[in-house]
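S.K.: below is the sequence, then the predicted model.
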Amino acid sequence: MFKNLSLMALAVVAALAVAIAVAVPNQTAQAKTFVYCSEGSPEGFDTALYTAGTTFDASSRAIYNRLTQFVVGTTDIEPGLAESWDISSDGLEYTFNLRRGVKFHTTDNFTPSRDFNADDVLFTFLRQYDENHPWHAYTPGTAWEYFNGMSMPDLIKSIDKVDDYTVKFVLTRPEAPMIANLAMDFASIVSAEYADQLTASGTQEDMNQKPVGTGPFQLVDYRQDAAIRYKAHPDYWRGKQAIDDLVFAITTDASVRQQKLLAGECHLMPYPNPADIASLDADPNVTVVKQEGLNVGYLAYNTTQAPFDDVRVRKALNMAINKQAIIDAVFQGEAEAAKNPIPPTIWSYNEATVDDAYDPAAARAMLAEAGVSGLSMNVWAMPVQRPYNPNARRMAELIQADFKEVGVDVEIVSYEWGEYLARSKELDRDGAVLLGWTGDNGDPDNFLAVLLGCDGVGGSNRAQWCNEEFEELVQEAKTVSDPATRTRLYEKAQMVFKREAPWATIAHSITHTPMRTNVTGYKVDPLGGHVFEGVDLR
């Protein structure tokens, strides 16, 4: 069996090499091609529809810009499509002065007649905000998950065009992380003119399949589960990239990604098998960059479904999980056990919370106290590797064995990544789902409110957990600017989370990024993305 699997893996490598033959690096030629061995396929290219990092890498981080943006490799904010902004003294009005002369991509099916302006900003946000907007539900299943999960519909009172290059956001309350929020992927600016053309031709779905942005690269071709091809935007406002062609070679198996990297068929790969990091680090043609991840991996119970609506059952299952065994087997020791829903690298992390101890005997007793016996449940395992979970199937198997020890039978289920993300949001989802998060803006709100707030139920809140005490704390924390006050509120929220246990918090991982030694200018993103602006090959 293993021989056949090896032959299959080699066949995949050969097939993919043929598929992107025109893009295999040949730096003797004048044009430069960079090949990134991506771990999965994007769900689409209209970034605001999604929350997955795999999708963001392929869309927002290559194709689009935002009003504000993160300095690559940091969580610092710098001007983007807004070259400056003003905030009113009461924190309720944000006025953005837009950059002039910014060009949208010219593609096979769209030639812009004007530069970026205020109309594009209004279209980008009003389609998410206004339920009566003609683009609010333009594609089946439209959810605007991030926008809603961050309470934007309640936060925004109006978005006004002052003139062609000035836009004002009027808020219903102060929002401390507002500028950082607008640097996030969901806030990527799309073309209103392109939307009008698609509406006129009756092809609105092309917004999600044939994207147009202002970013450093523009989409040339996408073959699902095989490859994505981009070319450098010749009129990019920050200057044309040194890389002429960018290729995402979609390679779901980490061992195959490693083979391709070592063979020189790709320049950079994400999420290596933890067991392979030492050998990669020893290869003279490869550099492995290591960094603490701003992430958390977790198992989310559906707290609306019996018996997981009983905190005693959730606490019992948490006590049944041997986290150290998971860290040793799945992460090869390159992680630390998680007790809070935010990582220790983020401000306001509460050191005082006490984790659920690994105690199978106590778990059995608590299940009996809750009147639960003979429980059968599903544990969902992701089909892709993520920085917070390099092998979800193996993690699920270890949890399955742990739960068996306390009398709970587990069936492991999974789906294709896009379907997994969609199904796991459903209010009546069965069992518990393995998932995780890498911070998007360096603010605790991005974990606590987005993943566990009431507005995220049915979306980013996979536990379907809406707790009044927790909600009041995180919502109040948004409205104050004093870091010390915000910290106290978030510390209290973490205590509530730990008491109520909507998740089993598993681990905060260390991330590793292997790349060929001829790669220059690549900076590891503390927010977990893969950004190729500024990258070159020597």
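M.R.: Yep, it's here.

S.K.: only C-alpha atoms from now on, for both contacts and neighbour counts.
M.R.: Fine.

S.K.: same question for the longest strand along the chain, mean pLDDT?
M.R.: As assigned by DSSP state E, the longest strand anywhere in the chain is strand 503-516. Average pLDDT, strand 503-516: 96.

S.K.: pull out the buried residues from that strand.
M.R.: Across strand 503-516, burial judged by 16 or more other CA atoms under 10 Å covers 503-516.

S.K.: check stretch 273-293 too.
M.R.: Buried residues in stretch 273-293, counted by 16+ other CA under 10 Å: 273, 274, 277, 280, 286, 287, 288, 292, 293.

S.K.: and for stretch 474-494?
M.R.: Neighbour counts using 16+ other CA under 10 Å place 474-475, 477-478, 480, 486-487, 489-494 of stretch 474-494 among the buried residues.

S.K.: ditto for stretch 120-139
M.R.: 120-129, 135-136, 138.

S.K.: including secondary structure and distance to residue 176, could those residues go into a markdown table?
M.R.: Shown next, in a markdown table, are the buried residues of stretch 120-139 (DSSP: H, G, I helix; E, B strand; the rest coil; distance: CA to CA, whole Å):
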| residue | secondary structure | distance to residue 176 |
| --- | --- | --- |
| 120 | helix | 25 |
| 121 | helix | 21 |
| 122 | helix | 22 |
| 123 | helix | 24 |
| 124 | helix | 22 |
| 125 | helix | 19 |
| 126 | helix | 21 |
| 127 | helix | 24 |
| 128 | helix | 21 |
| 129 | helix | 20 |
| 135 | coil | 29 |
| 136 | coil | 27 |
| 138 | coil | 31 |
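
S.K.: can you redo the residues you listed as JSON lines with pLDDT?
M.R.: Converted to JSON lines, the buried residues of stretch 120-139 look like this (pLDDT from 0 to 100):
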{"residue": "120", "pLDDT": "98"}
{"residue": "121", "pLDDT": "98"}
{"residue": "122", "pLDDT": "98"}
{"residue": "123", "pLDDT": "98"}
{"residue": "124", "pLDDT": "98"}
{"residue": "125", "pLDDT": "98"}
{"residue": "126", "pLDDT": "98"}
{"residue": "127", "pLDDT": "98"}
{"residue": "128", "pLDDT": "97"}
{"residue": "129", "pLDDT": "97"}
{"residue": "135", "pLDDT": "97"}
{"residue": "136", "pLDDT": "97"}
{"residue": "138", "pLDDT": "95"}
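
S.K.: now, which of those sits nearest residue 156?
M.R.: Nearest to residue 156 out of the buried residues of stretch 120-139 is residue 129 (CA to CA; 8.2 Å).

S.K.: do I have it right that that closest one meets residue 155?
M.R.: No: if you go by CA atoms under 8 Å, residue 129 and residue 155 don't touch, sitting 10.2 Å apart.

S.K.: mean confidence for stretch 83-103?
M.R.: Mean pLDDT, stretch 83-103: 97.

S.K.: what's the end-to-end length of that stretch?
M.R.: One end of stretch 83-103 sits 15 Å from the other (CA to CA, to the nearest Å).

S.K.: mind listing what's buried in that stretch?
M.R.: With burial defined by 16+ other CA under 10 Å, the residues of stretch 83-103 counted as buried are 85, 91, 92, 93, 94, 95, 96, 97, 98, 99, 102, 103.

S.K.: low-confidence regions, the chain specifically.
M.R.: Applying pLDDT under 70 to the chain flags the ranges 1-29.

S.K.: for the buried residues of strand 503-516, give me TSV that also has distance to residue 528.
M.R.: TSV is the format used below for those (distance: CA to CA, whole Å):
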residue	distance to residue 528
503	22
504	22
505	19
506	18
507	15
508	13
509	11
510	11
511	9
512	11
513	11
514	14
515	16
516	19
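
S.K.: of those, closest to residue 523?
M.R.: residue 513 (9.9 Å).

S.K.: who's in contact with the closest one?
M.R.: Applying CA atoms under 8 Å, 6 or more residues apart in numbering to residue 513 gives the contacts 268, 269, 270, 271, 272, 288, 289, 290, 524.
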